[in-house]
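A.B. asks: structure of the sequence below:
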Amino acid sequence: MIRIATAGFQHESNTFSSVPASLDLWRQSGILESADAIRAEYASSQSTLAGFFARAAEEPDVELVPLFFTRLMPMGAMTREATAFIFDRIIAALRDQGPWDAVLLPLHGAAVSETWRDADGELVRRVRETVGPNVPIGVALDMHANVAPQLVANATVVTVYQTNPHIDAYEQARHCAELVLQTVRGRIQPTCALAMPPLVVNILCQGTDDAPMRDLVKLARAQGARPGVLSVSVVEGYPYADVQEMGMSFIAVTDHDAALAQDVVQTLALAAWQMRAELNHGAASIDEALQQAQAAAAGPVVLFDVGDNVGGGSPGDSTLILHAARRLGIADLLQAVCDPEVVALAQAAGVGGRITAAVGGKSDSLHGTPFAISGVVTALSDGTYEETGPTHGGFRFFNDGASCALRTDDGYRLVLTSRSAGSASLQQFRALGIEPTAMKIIVAKGVHSPRPAMTPIAKAMIWVASAGVTSADLSTFTYQHRRVPLYPLEPDTHWP
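C.D. replies: Just a heads-up that it's a prediction; the model follows:
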């Protein structure tokens, strides 16, 4: 038998968030250390782990052993305690249950810890140290990774999601597993190259269905068709992690041809540099977005709350759009807000009960002030729901914590959650008895992650230049660790 281990963690660390990724929060989210638990949670999804499982299952002589996996919603950096626990458990499992013919790592690529600013790269380095120089290591990353040279140097194969919203996690992981299997059997000798142009891509410009990112991904596919090329990845980067490697990068894997790999990544990096202006633009103001939505002939019109992008590390309790809507006299609006205190009030009142409360705006002043409401509790739930259709990251099972639905006296429909929650599935609303297609305006906490859910129902979609720790205006952040220069933060940057 070919024995392959899979173990990892996934975290997108927003170093501007005031909420650290503590070990307690990881435990609440779920730390899985049994093969059965990992398979039960992920095998039926379209996630990275599901892709690994599916490819291994096709080979009667391959045993894929899940050892450890945990993921946590984006927030601040991982604490020292959490980092040590996760890393130690992964390395101990690899060491104690080996030897292995290969290792598959489901990572994100933008994890930052208080101990290691390149947390993903540090884990790959430790895995390499544990299994030795000759065991193939396959790494599957999110497209928002900030890829460090040490990660690529210690991996054998690196593949990256090539869609944003991320609906190809399964396919990219499956491809990673395929290349690792071919390596184990001696059929290929993967050689990786990395290019890191001094370029940040604005989060608003990272949709792969939209120009110019669409054109860059198309060019990458063409480069991937060159003889000898095994994999090509466009990596958009994550601008809310203040690290040296922040920014766009490109990865190529060839069959024992370093010069070809380098030519591929350099070709793509130069193409992206020529698009640098188009890869950076702004969004509509809150008032503009609301007025456009109100003026639309029909709904739903989806407003993407960029500054409170839960998938990027925001708290999910911003009230900036709600306050503006009330000031402008615009109602018939649906929004999810994280507020466990008001959920508890709703539970006490019960379905049909009335509550008066101040909702959201409690994490910090950057995301607004509490929004005063009076209204009726229309539903209560434990916050769990399932999405069998396409989702960002391919996940199937969701848990927003204890939740409720409210109908306010002045026309707002609110879903309140106990955990920060994006709007990656319409089931978030439907599980609480709200039909989103009946609303004129939906405020979605996210930038691209809600698109698989919202695109099929939206009459229009508008991205909103709201403030927050995921603001599209990068000039509002103070960086201390990034590379200098980086375009557009230094607009006169010259490269190469």
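
A.B. asks: got a list of what the residue nearest the centre of the chain touches?
C.D. replies: By Cα atoms, centre = their mean, the chain has its centre lying nearest to residue 311, at 5.3 Å. Contacts for residue 311 (Cβ atoms under 8 Å, 6 or more residues apart in numbering) come out as 12, 73, 74, 392, 422, 424, 445, 446, 447, 449. C-beta here means a position set from N, CA and C on the backbone, and glycine is covered the same way.

A.B. asks: leaving out the residues flanking it, which one is nearest to the fourth one?
C.D. replies: Closest residue to residue 392 apart from its sequence neighbours, by Cβ to Cβ, 6 or more residues apart in numbering: residue 449 at 3.8 Å.

A.B. asks: tell me which element the one you found falls in.
C.D. replies: Following DSSP states H and E, there is no helix or strand that holds residue 449.

A.B. asks: residues near it, how many?
C.D. replies: 24 (other Cβ atoms under 10 Å).

A.B. asks: same question, residue 399
C.D. replies: Counted with other Cβ under 10 Å, residue 399 comes out at 17.

A.B. asks: didn't it look like it was pressed against residue 417?
C.D. replies: No: counting by Cβ atoms under 8 Å, residue 399 sits too far from residue 417 to count as a contact (9.6 Å).

A.B. asks: what do these two both touch?
C.D. replies: Each of residue 383 lies in contact with both residue 399 and residue 417 under the rule Cβ under 8 Å, 6+ apart.

A.B. asks: could you break this structure into its assigned domains?
C.D. replies: 2-274, 286-472 (automatic domain parsing).

A.B. asks: so can I have TSV of the ones you listed showing mean pLDDT?
C.D. replies: As requested, these are arranged in TSV below (pLDDT from 0 to 100):
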stretch	mean pLDDT
domain 2-274	98
domain 286-472	96
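
A.B. asks: which one of those domains lies closest to residue 478?
C.D. replies: For residue 478, the closest of these is domain 2-274, at 8.5 Å, according to Cβ to Cβ.

A.B. asks: list the buried residues in the helix or strand residue 231 falls within.
C.D. replies: Using DSSP H and E, residue 231 falls within strand 229-235. Neighbour counts over strand 229-235 (16 or more other Cβ atoms under 10 Å) mark 229, 230, 231, 232, 233, 234, 235 as buried.

A.B. asks: re earlier: which of the contacts of residue 311 tops the neighbour count?
C.D. replies: residue 445 leads these on contacts (other Cβ under 10 Å) with 32 neighbours.

A.B. asks: and the end-to-end length of stretch 300-316?
C.D. replies: Terminal residues of stretch 300-316 lie 21 Å apart, using Cα to Cα, to the nearest Å.

A.B. asks: with stretch 447-464 instead?
C.D. replies: 9 Å.

A.B. asks: just the buried positions in it, please.
C.D. replies: Those would be 447-454, 458, 461-464, for stretch 447-464 by 16+ other Cβ under 10 Å.

A.B. asks: and that stretch, how far out from the chain middle?
C.D. replies: 16 Å (Cα atoms, centre = their mean, to the nearest Å).

A.B. asks: same check, this time on stretch 399-415
C.D. replies: 25 Å.

A.B. asks: and it, C-alpha only, in PDB?
C.D. replies: What follows is stretch 399-415, C-alpha atoms only, in PDB (Å, rounded to 0.1, in the frame of the first residue of the first chain):
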ATOM      1  CA  ASN A 399     -22.800  27.000  12.100                       C
ATOM      2  CA  ASP A 400     -23.600  30.600  12.800                       C
ATOM      3  CA  GLY A 401     -24.300  29.800  16.500                       C
ATOM      4  CA  ALA A 402     -27.600  30.500  18.100                       C
ATOM      5  CA  SER A 403     -29.600  32.700  15.800                       C
ATOM      6  CA  CYS A 404     -32.800  34.600  15.400                       C
ATOM      7  CA  ALA A 405     -34.800  36.500  12.800                       C
ATOM      8  CA  LEU A 406     -36.400  39.900  13.600                       C
ATOM      9  CA  ARG A 407     -38.900  42.100  11.700                       C
ATOM     10  CA  THR A 408     -38.500  45.600  12.900                       C
ATOM     11  CA  ASP A 409     -41.400  48.100  13.100                       C
ATOM     12  CA  ASP A 410     -39.800  50.300  10.500                       C
ATOM     13  CA  GLY A 411     -39.400  47.600   7.800                       C
ATOM     14  CA  TYR A 412     -36.000  45.900   8.300                       C
ATOM     15  CA  ARG A 413     -35.500  42.100   8.300                       C
ATOM     16  CA  LEU A 414     -32.500  41.100  10.400                       C
ATOM     17  CA  VAL A 415     -30.900  37.800  11.000                       C
END
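
A.B. asks: isn't there a helix covering the residue nearest to the centre of the chain?
C.D. replies: Yes: counting by DSSP: H, G, I helix; E, B strand; the rest coil, residue 311 falls inside a helix.

A.B. asks: how close does it sit to residue 458?
C.D. replies: 18 Å (Cβ to Cβ, to the nearest Å).

A.B. asks: surely residue 473 and residue 465 touch.
C.D. replies: Yes: contact criterion Cβ under 8 Å: residue 473 and residue 465 qualify, at 6.9 Å.

A.B. asks: so what sits against both of the two?
C.D. replies: What both residue 473 and residue 465 touch, as defined by Cβ under 8 Å, 6+ apart, is the set residue 282.
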